[in-house]
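A.B. asks: sequence below, structure please.
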Amino acid sequence: MKDNEIWKILKDELSLAKRIVALKFSKKEPEGIKKYEERAFPGLCTQIKEILEREETFYTIKDQCFCTGGVVAAGVAESMTREEKKEMIKLHMDMEGSYKDIETAMSYYDEVEKEIPYPAKKNAAIQLGLFPEISSPDILLIFCTPKKADILSRTYVYTTGNLIKGFGGNGGCTFNIQYPYVTGKPAFSYSDVAWRKYTGISDEEITLSFPYEALKAIISNLPIVAEKYRNYGNLSK
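C.D. replies: Presented below is the predicted three-dimensional model:
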């Protein structure tokens, strides 16, 4: 199925309020595509909001992101050493009060690393744009209500027999980019305060992240599941 056909099914069945943001990772900086020239604060989440607002396509490298969460999640930057991580956490604690103390923070990050490994693949750049303007991306970010996420989740279960994991905590890029990229499985999350603020999602929305290939494998069943969902409890349908 072609990308524009996938988008049409998603649009028709889910009536999404926001466009889908596509992320495509590459070993080299892509040619013929605008490079992001500024340094985004805090990082990839801000660039995602710019994609939604401006409807443009560009690529970014690690130098364009103040926060390294997104570029580490995509394999574009190396993960920090433990001491570097401590310094980063201290900075965030000063700004946000994210943890009661550094020991609690490090315990949290140790738990996250056990659950969500760093990417083994190394990349040079992340191309960002609206789907389907970016063809065959790695990750699709779907900002939607829990109900619409439920329909897609049920489609995934209907087709594959597998569950979708959800995450809560600190570090939206880890949940919404790193996990689906490393595992090849979708995930949902209410994310964290930085992701919610800087991507600009509404109070009613969550992020559903789908590896492109995983979505492609189930999309033909979405109209069937969506119809059953709309008529749930009505045995005559």
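
A.B. asks: what's the helix or strand for the nearest residue to residue 45 once chain neighbours are set aside?
C.D. replies: Spatial nearest neighbour of residue 45, excluding adjacent residues (CB to CB, 6 or more residues apart in numbering): residue 198 at 3.9 Å. No exception for glycine: its C-beta is placed from N, CA and C like everyone else's. Secondary structure from DSSP states H and E places residue 198 in helix 193-199.

A.B. asks: what about the helices in the protein?
C.D. replies: Under the criterion DSSP state H, the chain contains helices at 3-14, 44-54, 69-73, 82-96, 102-115, 146-160, 172-173, 179-183, 193-199, 212-218, 222-230.

A.B. asks: mind checking those for the one nearest to residue 25?
C.D. replies: For residue 25, the closest of the helices of the chain is helix 179-183, at 7.6 Å, according to CB to CB.

A.B. asks: residues of the closest one that come out buried?
C.D. replies: 179-182 (16 or more other CB atoms under 10 Å).

A.B. asks: then stretch 10-17?
C.D. replies: 10, 13-14, 16.

A.B. asks: just want the most central residue of this structure.
C.D. replies: By CA atoms, centre = their mean, the chain has its centre lying nearest to residue 176, at 3.4 Å.

A.B. asks: show the model's pLDDT score for that residue.
C.D. replies: The per-residue pLDDT reported for residue 176 equals 98.

A.B. asks: for residue 144, same thing?
C.D. replies: So, for residue 144, pLDDT stands at 98.

A.B. asks: isn't it up against residue 202?
C.D. replies: No. Using CB atoms under 8 Å, residue 144 makes no contact with residue 202, being 10.2 Å away.

A.B. asks: looking at these two, which has the bigger crowd around it?
C.D. replies: Legend: neighbour count by other CB atoms under 10 Å for residue 144 and residue 202, higher for residue 144 (24 against 10).

A.B. asks: partner residues bridging the more buried one?
C.D. replies: residue 206 (DSSP bridges).

A.B. asks: tell me the contacts of it?
C.D. replies: 14, 16-18, 152, 205-206, 208 (CB atoms under 8 Å, 6 or more residues apart in numbering).

A.B. asks: repeat that for residue 176.
C.D. replies: Here residue 176 is in contact with 141, 187, 189, 191, 195, 207, 209 (CB under 8 Å, 6+ apart).

A.B. asks: again, only this time at 10 Å
C.D. replies: For residue 176, the contact set (CB atoms under 10 Å, 6 or more residues apart in numbering) comprises 23, 44-45, 48, 70, 73, 139, 141, 167, 187-189, 191-192, 195, 199, 206-209.

A.B. asks: and for residue 112?
C.D. replies: Residue 112 makes contact with 167, 169-171, 174-175, 178-179 under the criterion CB under 10 Å, 6+ apart.

A.B. asks: tell me the confidence at it?
C.D. replies: 93.

A.B. asks: any idea how far residue 142 is from the residue nearest to the centre of the chain?
C.D. replies: Going from residue 176 to residue 142 by CB to CB, to the nearest Å gives 10 Å.

A.B. asks: apart from its neighbours in sequence, what residue is nearest residue 224?
C.D. replies: residue 158 (7.7 Å).

A.B. asks: how deep is that neighbour tucked in, by neighbour count?
C.D. replies: 14.

A.B. asks: that one against residue 219, yeah?
C.D. replies: No. The criterion here is CB atoms under 10 Å, and residue 158 misses it with residue 219 at 11.8 Å.
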